Structures are given as structure tokens and as C-alpha cells.
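Engineer: Structure for the following, please:
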Amino acid sequence: MTTASRLALDGKDQHVEWLRQLGASVDCIARGYAMAKNKNIYVEDYLNEHQVSIDAIAEGYALAGVILKVNEYQYIYKASIDAIARAYATSKNYEKTEYYRKTLGASVHAIAAGYALAGEDSQVELYRKEYSASVHEIAGGYALAGNDDKVEIFRSEYKANVDIIAKNYALAGNDEKVEVYRTKHGAKVNAIAQGYAQAGNHKKAEEYRTKHGASVDAIAQGYAQGGYHKHVEEYQTKHSASFNAIAQGYAFVGNHKKVETYKSTHKASPSVIVQGYALAGNHEKVKEYFNNHLVSVTDVAKCYVLAGNDKQVEVYRNLGADSNVIAQYYARTNNHKMVEHFRTKLNAGVNMIAQGYVLAGNHERVEFYRTKNGAGPNEIARSYALAGNHEKVDEYRVTHQAKADVIIVGYILAGNHGKVEEYRVKHGASIEKIIQEYASLGNKKKVREYDISALLTGYLEDRKKVVDSKGNTKEYFHNFFTPFQKSFKQKREAVDAVREALKGKHVDLTPHIPTLENGNLGKELSAFIKAGKADCLLGQEVRTIRSFVSALQQKNQPHPTVP
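Structural biologist: The predicted structure is shown next:
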């Protein structure tokens with residue numbers, strides 16, 4: 001409940017309007033008006049004029065116990081049954097909660113989180129023990145409610161995900177606990193920043209972007225989930241936040257109009273959007289996207305695993321979803337019962353399962369699958385790298401001889417470029433493998449840092465884009481004359497000469513050295529060589545452009561013949 005939603009609930013309409021104009025969340029306002037029961041006109045106005053979340057409205061009516069309006073928004077406007085069930089649980093409406101679970105298949109995770117938020121500990125335990133409700137979502141619910149003792153129990157005893165906990169503390173505005181989880185427990189800054197954005201705490205969201213390097217995509221998605229449309233647009237235009245991330249955020253909260261805008265206008269991917277709807281438990285929208293777009297059946301199934309909807313998982317498994325991936329995602333939610341079902345009955349791979357437990361931070365289960373079921377150290381180490389657990393990565397590298405070339409794959413997927421370079425320099429990860437993995441992700445910038453051919457090609461492509469008023473490539477980069485400046489023709493000839501030499505041809509590169517050392521080409525080539533990335537090409541250590549040229553020419557020297 002934000003200030004604006006409380007004022008809407010209390011009927012302070014003018015104050016609400018002032019806050020809206022100042023940037024208050026339209027979703028929170030609409031939810032507050034729905035909770036007021038007698039403000040249906042205002043709810044409809046926000047729905048039509050301000051593009052609010054359908055789920056937010058349905059939640060408000062469920063919290064207020066207005067059953068007819070809940071049904072209207074569920075069946076006509078396609079609100080998520082998980083969002084409704086969570087709201088019923090939060091309001092302690094046990095009968096409706098059970099109806100949504102038993103009859104409509106609402107997520108047990110969402111319901112348990114709602115009960116945690118309401119302080120209904122006995123119901124939380126029932127859902128955890130009987131229905132395998134996610135300890136991560138439960139801990140998040142307790143964090144949002146400010147029940148620190150329960151949060152600590154779920155973190156320490158049940159290994160609840162610290163990112164989810166920290167995000168919910170951020171949502172609740174508990175900055176002190178957020179800092180504890182960031183500094184002491186290693187909660188990721190992206191999750192925290194997203195929580196602050198969703199709560200409309202713009203100052204903290206900006207702090208995490210500028211000071212801690214939080215992803216603009218995560219923040220923009222948080223703003224979408226919170227109903228802060230202006231800030232979503234700001235992050236998209238000023239910081240180039242991903243259209244896909246934004247569309248998925250809107251799908252997660254049931255803002256169908258915004259989803260359609262991003263799909264039609266900004267070409268957001270249906271495959272990403274459908275995942276947002278699956279995570280939200282919006283089965284009707286999932287069906288709509290699955291039937292009308294080319295989306296991955298496995299992606300849908302894995303998101304239903306995360307949402308805690310086993311019935312829907314089975315529906316999409318029967319349509320061809322990969323059992324290995326499903327088992328991995330059950331491991332990520334610590335649903336041991338379903339993991340074992342998929343391993344023993346459906347032959348899910350133990351490596352995939354172990355990787356899922358790695359991402360869940362459940363080290364005991366990882367070890368169990370390594371020692372008892374034969375999960376491979378390489379696959380486990382790669383997953384620890386992806387999860388950013390450097391200590392465990394080192395443990396598997398040293399103790400279990402995990403290979404550097406495998407470990408870097410995890411770091412590359414995680415975008416941890418510093419660790420990739422560390423493993424190349426200190427542990428011998430091959431440049432060829434690094435290039436291959438970056439290329440598979442389409443990361444041309446990083447390929448250019450490791451592949452000298454890509455560096456040279458990329459430089460010429462960039463240089464060609466420096467044009468004059470007529471659109472022709474400028475022969476000289478600067479308009480003013482300097483004796484040290486090299487022409488585009490000289491740069492092209494020097495690059496072509498190096499290319500020929502790299503193919504093994506004997507080329508006299510000495511006349512080109514001043515050009516190779518000059519300007520942006522010189523800076524980029526020098527950085528490549530100084531980092532030792534040319535050593536494997538030449539079979540020796542070189543650290544300057546001149547020594548590189550000398551070694552390359554020596555390598556290509558014609559073999560003498562006996563007269």
C-alpha cells in the first residue's frame with residue numbers, strides 16, 4: 001500500500017490526482033480504488049485512461065472481497081488467477097483461496113507468499129509441507145511483511161534465495177535490511193534495484209544504477225511491474241533499456257495494453273512475453289501466445305515450474321517440452337519430490353539437475369548429485385560461474401579439476417568479462433574458446449577484443465563511417481593538418497598487409513609500423529598485444545606492436561633450401 005493507494009482507498013480523490021501528476025504509480029492507485037468497493041467509476045477511468053495493470057485491479061477487488069468484480073476482471077479482462085489467489089490468501093479468505101488452488105490450479109507459491117504476507121504461519125507451513133510451496137517466495141512474502149525472524153529462518157534453514165528476499169525488502173522500503181543482504185549475503189544488485197523501481201523509489205533505483213552498476217533492463221522491468229510508465233519510457237529512451245524486458249514486466253502484472261504496444265510498435269518478442277504471462281499464472285494469455293506465435297514450449301514449461309503450477313507444466317511437457325530443462329527448474333525451486341520424479345521416471349539428466357541446485361544455492365544437493373548420481377564437476381563449476389559464486393568455482397577448479405575452458409562459458413553467459421580475462425591470464429583458458437562463446441552470443445564487441453582478425457575488420461568498418469559532408473569516407477580523420485596523421489588509404493593498406501601476414505604469407509610489414517601504431521588503430525592493436533592475446537598466434541611473448549610485427553615476419557620467413 002503506497003500513499004497514493006491509501007488515499008484512493010480513503011476517497012481523497014483530489015490528493016490522489018495531485019500524486020498521480022507527480023508520478024505516483026497508476027497501478028497502486030487503481031488497486032486502492034478497487035479496494036474502496038464503491039469507486040468503480042474511478043477504477044474504470046484508470047483502466048481506460050492510464051493503461052493500468054488488470055492484475056492490480058483484480059487484486060484490489062479480491063482484497064476487498066468484491067467477488068463479482070473479481071470474476072469480471074478474471075474472465076473478461078483475463079487477470080491472472082495467481083495474482084487473485086495471492087490476494088485472497090493475503091486477505092485470509094481461505095474458501096476462495098482453496099477454490100482457486102483446487103479448481104483453477106492457482107500457484108501454491110503465490111498462495112503461500114500471500115499467507116506469509118498476512119502472517120498466517122500455519123497456512124504457510126501447510127503449503128510448504130503438503131504442496132511443496134517455494135521457500136524462496138515464502139521468504140519474500142515474510143520480507144515484504146517485515147517479519148525478519150521468519151525471513152532468517154527460511155534463509156538459514158531452508159536456503160531461501162537471498163535475491164528474492166532483498167528485492168522484497170527493497171519493495172517494503174527496508175533499506176537497512178537490503179544493505180545487510182547485499183553486503184553480507186551477496187544479494188544481486190539487479191534484484192535490489194528492480195525492487196526499488198517497482199516500489200517507485202526512484203532515488204534508490206538511480207543509486208543502484210550509478211553506484212552499483214545495476215542493469216537498466218532490470219530497473220525498467222521493475223518500473224513496468226510497478227506501473228510507473230513515465231520512468232519506463234525514460235529508461236528506454238535515455239538508457240536504451242530492452243523492449244523485451246519491459247514487455248515481459250508488463251506481461252507479469254497483466255498490463256495487456258502495454259504489452260501489445262511493445263509487441264506491435266517496438267517488436268518485443270512473443271517468446272519473452274509469453275514467459276512473463278506464464279510466470280504470472282495467466283493461462284489464457286499463455287494459450288493465446290502459444291497458439292498464435294512461434295514460442296518455445298520448453299520456455300513456457302520452465303516458467304510454469306517457477307510459478308509453481310505443476311498441472312500446466314505437465315500440459316506443456318506432453319506438448320514436447322524438454323524434461324531435462326523442467327527437472328533443472330524444479331531443482332532451482334528446491335522441489336526435490338518433482339526433481340526425483342523427473343530423474344527416475346523420465347530420465348532427466350543428473351548434470352542438468354545439479355546445475356539447477358547450483359543456481360538455487362543448495363550446495364548440499366549439488367554434492368549429493370555429484371557423489372551419489374555422478375554429476376560432472378565441469379558442469380557444476382560452469383553453473384557456479386554463471387551464478388557468480390567464485391569461491392565454489394575455485395573449489396571445483398582446484399579440488400575436482402574443473403577445466404578453465406568450461407568455467408569461462410559460465411562467466412561469459414553471466415557477462416562477467418573480468419573473470420573471463422582472469423581465467424585466460426591465470427588459468428590458461430583458450431582464446432579460441434572465448435572467441436567461440438562470445439561469437440555464439442553475437443557479442444561482436446567482445447569477439448573483437450580477442451580475435452585480431454575481427455579487430456582489424458572492425459576498425460576498418462568504423463573508420464569507413466567517418467564521412468564528409470557529401471557522405472564519402474574522409475581520407476584524414478581530422479580536418480586540421482598534422483604530420484602524425486595517417487590517411488585512410490594508409491590504414492587500409494597496413495591492415496591488409498597484416499591480414500596477409502596472419503595467413504602465413506611473407507609480407508614486409510616494417511614500412512607499415514608507424515601506421516599500425518597511429519591513432520585508434522594503434523590504441524586498439526596495442527591493447528590487444530599488451531594483454532598477451534597475440535602470444536598464442538606467434539608462439540612467443542610479445543608486448544609491443546613492433547615486437548609483434550618482428551615476430552610475425554620471422555614466423556613467416558621462407559624456409560631456406562639446400563643448394
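Engineer: Low-confidence bits of this protein, can you list those?
Structural biologist: 480-483, 559-561 (pLDDT under 70).
Engineer: biggest helix in it, by residue count?
Structural biologist: helix 488-502 (DSSP state H).
Engineer: and the helix or strand harbouring Arg101, what does it pack onto?
Structural biologist: Assessed by DSSP states H and E, Arg101 sits inside helix 94-102. If you count contacts as 3 or more C-beta pairs under 8 Å, 6 or more residues apart in numbering; DSSP states H and E, helix 94-102 packs onto helix 81-90, helix 108-118. (Glycine included, C-beta is placed from N, CA and C.)
Engineer: So which of those is nearest Val409?
Structural biologist: helix 108-118 (30.3 Å; C-beta to C-beta).
Engineer: Check which residues of stretch 34-41 are buried.
Structural biologist: For stretch 34-41, a neighbour-count test (16 or more other C-beta atoms under 10 Å) marks Ala34, Met35, Ala36, Lys39 as buried.
Engineer: ok, which pair from those is furthest apart?
Structural biologist: Counting by C-beta to C-beta, the most remote pair of these is Met35 and Lys39, 8.6 Å apart.
Engineer: any common contacting residues for those two?
Structural biologist: Common contact partners of Met35 and Lys39 (C-beta atoms under 8 Å, 6 or more residues apart in numbering): Ala8.
Engineer: burial of Ser25, as a residue count?
Structural biologist: Ser25 has 27 neighbouring residues, counting by other C-beta atoms under 10 Å.
Engineer: Okay, it and Ala112: tell me how far apart.
Structural biologist: 25 Å (C-beta to C-beta, to the nearest Å).
Engineer: same deal with Ala247?
Structural biologist: 28 Å.
Engineer: Repeat that for Leu460.
Structural biologist: 58 Å.
Engineer: out of those two, which sits in the busier spot?
Structural biologist: Ala112 (28 against 16).
Engineer: residue contacts, the more buried one?
Structural biologist: Contacts of Ala112 by C-beta under 8 Å, 6+ apart are Ala89, Gln123, Val124, Tyr127, Arg128, Tyr131, Ala133, Ser134, Glu137, Ile138, Gly141.
Engineer: Please export the C-alpha coordinates of whatever helix or strand Glu207 lives in as PDB.
Structural biologist: Per DSSP H and E: Glu207 is located in helix 202-210. Extracted in PDB, the C-alpha atoms of helix 202-210 (Å, rounded to 0.1, in the frame of the first residue of the first chain):
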ATOM      1  CA  HIS A 202      13.500   6.500  -7.800                       C
ATOM      2  CA  LYS A 203      16.400   7.800  -5.700                       C
ATOM      3  CA  LYS A 204      17.500   4.300  -4.700                       C
ATOM      4  CA  ALA A 205      16.900   2.800  -8.200                       C
ATOM      5  CA  GLU A 206      19.200   5.500  -9.600                       C
ATOM      6  CA  GLU A 207      21.700   4.900  -6.800                       C
ATOM      7  CA  TYR A 208      21.900   1.300  -7.700                       C
ATOM      8  CA  ARG A 209      22.300   2.000 -11.400                       C
ATOM      9  CA  THR A 210      25.000   4.600 -11.000                       C
END
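Engineer: Now do the following helix or strand past it: everything it contacts.
Structural biologist: Next in sequence after helix 202-210, counting helices and strands by DSSP H and E, comes helix 216-226. Defining contact as C-beta under 8 Å, 6+ apart, one finds that helix 216-226 is touched by 25, 27-28, 190-191, 193-200, 205, 208-209, 229, 231-232, 235-236, 239-242, 245-250, 252-253, 255, 258.
Engineer: Does Asp299 touch Ile273 like I think?
Structural biologist: No. Between Asp299 and Ile273 there is no contact under C-beta atoms under 8 Å: 10.8 Å.
Engineer: how about the residue nearest to Arg6 when sequence neighbours are not counted, what does it touch?
Structural biologist: Once flanking residues are discounted, Arg6 sits nearest to Gly32: 6.5 Å by C-beta to C-beta, 6 or more residues apart in numbering. Under the criterion of C-beta under 8 Å, 6+ apart, the contact list for Gly32 reads Met1, Ala4, Ser5, Arg6, Leu7, Ala8, Leu9, Val16, Gly60.
Engineer: top of the residues you listed by neighbour count?
Structural biologist: Greatest neighbour count in these, by other C-beta under 10 Å, goes to Ala8: 32 neighbours.
Engineer: how close does that residue sit to Thr90?
Structural biologist: Applying C-beta to C-beta to Ala8 and Thr90 gives a distance of 18 Å.
Engineer: do Val498 as well
Structural biologist: As for Val498, its distance to Thr90 is 66 Å (criterion: C-beta to C-beta).
Engineer: same check, this time on Val297
Structural biologist: Val297 is 33 Å from Thr90, by C-beta to C-beta.
Engineer: Looking at the two, which has the bigger crowd around it?
Structural biologist: It is Thr90, of Val297 and Thr90, that has more neighbours when counted by other C-beta under 10 Å, with 24 against 16.
Engineer: Now do the contacts for the more buried one.
Structural biologist: Thr90 neighbours (C-beta under 8 Å, 6+ apart): Leu63, Gly114, Tyr115, Leu117, Ala118.
Engineer: helix or strand for the first one, which one?
Structural biologist: What it means is Leu63. Applying DSSP H and E as the criterion places Leu63 in helix 54-64.
Engineer: which other helices and strands contact that helix?
Structural biologist: Under the contact criterion of 3+ C-beta pairs under 8 Å, 6+ apart, helix 54-64 touches helix 26-35, helix 40-49, helix 67-75, helix 81-90.
Engineer: Run a quick neighbour tally on the closest residue to Lys96 other than its chain neighbours.
Structural biologist: Excluding the flanking residues, the one nearest Lys96 by C-beta to C-beta, 6+ apart is Tyr88, at 4.4 Å. Tyr88: 27 surrounding residues under other C-beta under 10 Å.
Engineer: can I assume Tyr88 is in contact with Leu104?
Structural biologist: No. Applying C-beta under 8 Å as the test, Tyr88 and Leu104 come out as separate, 11.2 Å apart.
Engineer: doesn't Asn479 fall inside a helix?
Structural biologist: No. Membership of Asn479 in a helix is not supported by DSSP: H, G, I helix; E, B strand; the rest coil, which gives coil.
Engineer: Distance-wise, check it relative to Val466.
Structural biologist: 11 Å.
Engineer: who's more crowded, the two?
Structural biologist: Per other C-beta under 10 Å, whichever of Asn479 and Val466 has more neighbours is Val466, with 14 against 7.
Engineer: For this protein, which residue occupies the most central location?
Structural biologist: Nearest to the geometric centre of the chain sits Ala218, at 7.0 Å (C-alpha atoms, centre = their mean).
Engineer: nearest spatial neighbour of that one, skipping sequence neighbours?
Structural biologist: Counting by C-beta to C-beta, 6+ apart, the nearest residue to Ala218 once its immediate chain neighbours are dropped is Asn190, at 4.0 Å.
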